[in-house]
Structures are given as C-alpha cells and as structure tokens.
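[1] Below is the structure, and that's it, no one-letter string:
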C-alpha cells in the first residue's frame, strides 16, 4: 500500500511512520468522516489513522494514504 501511495503523492510516507487502518461499515464511515465520505484519514503526532469501508477501491485507499503523507484536499463548499 505504501509503495502505491508514493507513486501518486510527492515524497510518499516517511520510514517508520505509524499508520493504523480501521475497516468500518458505511454507517461507521459516515459517523467518523462525514455524511458523504468514502473514507478519511486523521493525522497527528502519534501517526495516521485511516478509516476505510469494508471493500474500498484502490482510488479510495491511495487517496486516504496520501493524507498520511501530507495531502490536503481543497475546501468543499456546501
């Protein structure tokens, strides 16, 4: 997963970075990430927590892992 992520986002993840992945049902994803989210990542000084659905496609996985490497999404206006 880390190798795939580094192909798409800058320097990629740092060696030794701690990434925790939580696999959740759709309702759990909505509770943690927002009502229309397919997944999300929370980055802190302790590492990166990635919340993914039970069967994510590769785009969702790479997108969320790229947040662990510093990617910031553009603002969404509702």
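    Structure's in. What do you need? Not measured: the values here are computed from a predicted model.
[2] Got the confidence number for residue 5?
    Here the pLDDT value assigned to residue 5 is 50.
[3] Let me know the distance separating residue 30 from residue 39.
    Plainly put, residue 30 is 11 Å away from residue 39 if you go by Cβ to Cβ, to the nearest Å. For every residue, glycine as well, the C-beta is placed using N, CA and C.
[4] And the two? Which one has more around it.
    Legend: neighbour count by other Cβ atoms under 10 Å for residue 30 and residue 39, higher for residue 39 (22 against 13).
[5] Just to check, the more buried one is in contact with residue 55?
    No. If you go by Cβ atoms under 8 Å, residue 39 and residue 55 don't touch, sitting 11.4 Å apart.
[6] can you tell me the average pLDDT over the helix ranked longest in the chain?
    Longest helix in the chain by number of residues (criterion: DSSP state H): helix 58-68. Helix 58-68 shows an average pLDDT of 87 in the prediction.
[7] Identify each buried residue in it, please.
    For helix 58-68, a neighbour-count test (16 or more other Cβ atoms under 10 Å) marks 60, 61, 62, 63, 64, 65, 66, 67, 68 as buried.
[8] Let me know the closest of these to residue 14.
    Among those, residue 68 lies closest to residue 14 (Cβ to Cβ), at 9.1 Å.
[9] For the closest residue to that closest one other than its chain neighbours, name its beta-bridge partners.
    Counting by Cβ to Cβ, 6 or more residues apart in numbering, residue 68 lies nearest to residue 48, which is 3.6 Å off, once chain neighbours are set aside. In this entry, residue 48 is beta-bridged to residue 19, residue 43, by DSSP bridges.
[10] Thought residue 17 was touching residue 48, still the case?
    Yes. Residue 48 is within contact range of residue 17, at 6.7 Å (criterion: Cβ under 8 Å).
[11] who touches both of those two?
    Common contacts of residue 48 and residue 17 (Cβ atoms under 8 Å, 6 or more residues apart in numbering): residue 68.
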